[in-house]
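[1] show me how the following folds:
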Amino acid sequence: MGLTKYKLGDLIKQRREKNRDYDVPIRGVTRDGFIPPKVERVDKKTFMVFYRNDFVFNATRMELNSIVLNNVYNKGLCSPLYSMFYVAKEEILLPEYLNLYLKRNEFARRCGMLGFGSAHHKVTVDDIGELEIDLPPLPIQQKYVDVYNAMLANQRAYESGLEDLKLTCDAYIERLRREMPYTAIGEYIEQSDERNTINLGADSVRGLSTSKEIIPTKANLDGVSLGNYKQMKPNQIGYVADTSRRGDKISLALNNTDETYLVSSISTVFGTKQDKLLPAYLKMFFSRTEFDRYARFHSWGSAREAFSWDDMREVKIPIPEISVQKSIADIYSTYLTRREINEKMKAQIKDLCPILIKGSIDEASA
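    Predicted coordinates for the structure are as follows:
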């Protein structure tokens, strides 16, 4: 059937329509899709309108692939700083097929080069229109779009079940908060200050993130002595007391592995009396946004804006019997595991785009 080369500018058309008081959703754009606006109450008069099957993109973030095909809303509004275009000749190019082409890392890299020469590092619709694309016939385009859509539907179905798990966990917590007294955790936690006396190496050093996870360290450890680093053993929790430079979130994590890690000496490490308080149950409460707000509020009055060990001991939560703690913690652990699987599925789907484009080109060329 063969391939036909086109300049994208011959197939797409820029949309420039200002808002006329439409009562429709306002959305921002990231590489992962639409997001709600950061500010709810805004003057909509300057906003731009987009329609179904429009491509909406952030002209200054195209090297990050901040472009979305709107297959959600019949009509929406976006910032006047964004740009929009649509496929004007769908008898030649399917919007969904163009989306596969645009969501490749190769396209993001090309956008980085396109925007580099401009005064504001922007990519315009005209810039995108200058790109050439080899197109297979519509039936082949549709075939590979269908493959992509099937995988996307599976991922979204999995994600929907993931949210059900989260709601179940939240419902348990809310029930405990209503029915049980709050108890300070101080008598159930014990600080640990064991340094690296067992000669663990740099490959054991970890960081503590504001997303409440253990992460690879970002520190340059060349020539650094690790003797003063703290041991963080299995089932221990570590946190960084300084809250002033972490976006109103506290860096904290539970070591839920069988490995002993090393964390910075500025971290506070502690364990729980596990016959009374399970570390996984406690960490679940630490992962809630309410705890970030609590920690930030209680650190403001200190000279260094730090959430001290004494502050930690004063944290109050409902503490049911161990069997109840374990049930709730198990649900939350399942949720975290499935959330990680879901993120991997999303990454795999994105990585599928260049494979599908190549497959369609190879089939058309055969």
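
[2] could you use CA atoms for every contact and neighbour count after this?
    OK.

[3] name the helix or strand of this protein that has the lowest mean pLDDT.
    Ranked by mean pLDDT, DSSP states H and E, the weakest helix or strand in the chain is helix 105-116, scoring a mean of 81.

[4] just checking, what packs against the very next helix or strand once past it?
    Next helix or strand after helix 105-116 toward the C-terminus (DSSP states H and E): helix 125-129. Contact partners of helix 125-129 among helices and strands, from 3 or more C-alpha pairs under 8 Å, 6 or more residues apart in numbering; DSSP states H and E: strand 82-87.

[5] quick one: average confidence on whichever helix or strand comes after the strand it packs on?
    Going down the chain from strand 82-87, the next helix or strand is helix 95-102, by DSSP H and E. Averaged across helix 95-102, the pLDDT comes to 96.

[6] residues making contact with helix 95-102?
    53, 65, 69, 86-87, 107-108, 141-142, 144-145, 353-354, 356-357 (C-alpha atoms under 8 Å, 6 or more residues apart in numbering).

[7] go through the residues you listed and name the one nearest residue 164.
    Within the contacts of helix 95-102, the smallest distance to residue 164 is 26.9 Å, found for residue 69 (C-alpha to C-alpha).

[8] give me the pLDDT for that closest one.
    97.

[9] same deal with residue 186?
    On the pLDDT scale, residue 186 gets 97.

[10] identify the residue nearest it in space, chain neighbours excluded?
    residue 313 (3.9 Å; C-alpha to C-alpha, 6 or more residues apart in numbering).

[11] distance of the one you found from residue 238?
    14 Å (C-alpha to C-alpha, to the nearest Å).

[12] may I see the buried residues of stretch 241-260?
    241, 242, 243, 244, 249, 250, 251, 252, 253, 254, 255, 260 (16 or more other C-alpha atoms under 10 Å).

[13] which helix or which strand is home to the fifth one?
    Think residue 249. Using DSSP H and E, no helix or strand contains residue 249.

[14] against residue 278, how distant is the closest residue in space to it that isn't next to it in sequence?
    The shortest distance from residue 249 to any non-neighbouring residue, by C-alpha to C-alpha, 6+ apart, is to residue 292 (5.1 Å). Distance of residue 292 to residue 278, computed by C-alpha to C-alpha: 20 Å.

[15] so for stretch 7-15, mean pLDDT?
    Stretch 7-15 comes out at a mean pLDDT of 96.

[16] between residue 313 and residue 238, which is the more surrounded one?
    residue 238 (29 against 15; other C-alpha atoms under 10 Å).

[17] does the more buried one count as helix, strand or coil?
    Using DSSP: H, G, I helix; E, B strand; the rest coil, the structure places residue 238 in strand.

[18] check contacts around it.
    When the contact criterion is C-alpha under 8 Å, 6+ apart, the partners of residue 238 are 208, 232, 252, 253, 254, 267, 268, 269, 270.

[19] which of the residues you listed sits closest to residue 187?
    For the contacts of residue 238, the nearest to residue 187 is residue 270 (12.3 Å; C-alpha to C-alpha).

[20] how about the secondary structure of residue 76?
    Assignment for residue 76 (three-state DSSP): strand.

[21] was I right about it contacting residue 25?
    Yes. Using C-alpha atoms under 8 Å, residue 76 is in contact with residue 25, at 5.1 Å.

[22] any idea whether residue 341 is helix, strand or coil?
    Going by three-state DSSP: residue 341 is helix.

[23] before I go, just wanted to say thanks for your time.
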